[in-house]
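Visitor: All I have is the shape, not the residue letters:
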């Protein structure tokens, strides 16, 4: 199983990846995603898997989230959506 971090090309996403590694999460279990994977080359060099994910292009999402056990998305409105293999679809919390 892997931990997929969306928006890893941005400030917050990159900080999440860095904190996961600082906490001892093996880099090979982290998947950093973003629209421009060239911005993620440094993370790739650290052993993090890099994949393209663009929510404006849904065809990129299947590969980006392959192998992930759970996905949590927190929206600016404060709502959270979680999807797991057991639910097979997102459910609001």
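Guide: Nice, thanks for sending it over. All figures in this text were calculated on a predicted structure; none of them were measured in a lab.

Visitor: Can you report how many residues neighbour residue 44?
Guide: The number of residues packed near residue 44 is 14, by other Cβ atoms under 10 Å. In this view, the C-beta of every residue, glycine as well, is placed from N, C-alpha and C.

Visitor: Spell out which helix or strand contains it, please.
Guide: Residue 44 is located in helix 41-45, with elements delineated by DSSP states H and E.

Visitor: Mind checking what helix or strand follows that helix in sequence?
Guide: Following helix 41-45 in sequence order, the next helix or strand is strand 49-52 (DSSP H and E).

Visitor: Pull the distance from the next helix or strand after that following strand to the chain's centre.
Guide: Next helix or strand after strand 49-52 toward the C-terminus (DSSP H and E): helix 61-64. Distance, stretch centre to chain centre, for helix 61-64: 10 Å (Cα atoms, centre = their mean, to the nearest Å).

Visitor: So for helix 61-64, mean pLDDT?
Guide: Averaged over helix 61-64, pLDDT sits at 90.

Visitor: Make 745 the first number, not 1, from now on.
Guide: Sure, I'll start counting at 745 from here, so that last one is helix 805-808.

Visitor: hmm, back to that, in the helix holding residue 788, which of the residues would be classed as buried?
Guide: For helix 785-789, the buried set under the neighbour-count rule, 16 or more other Cβ atoms under 10 Å, comprises residue 787.
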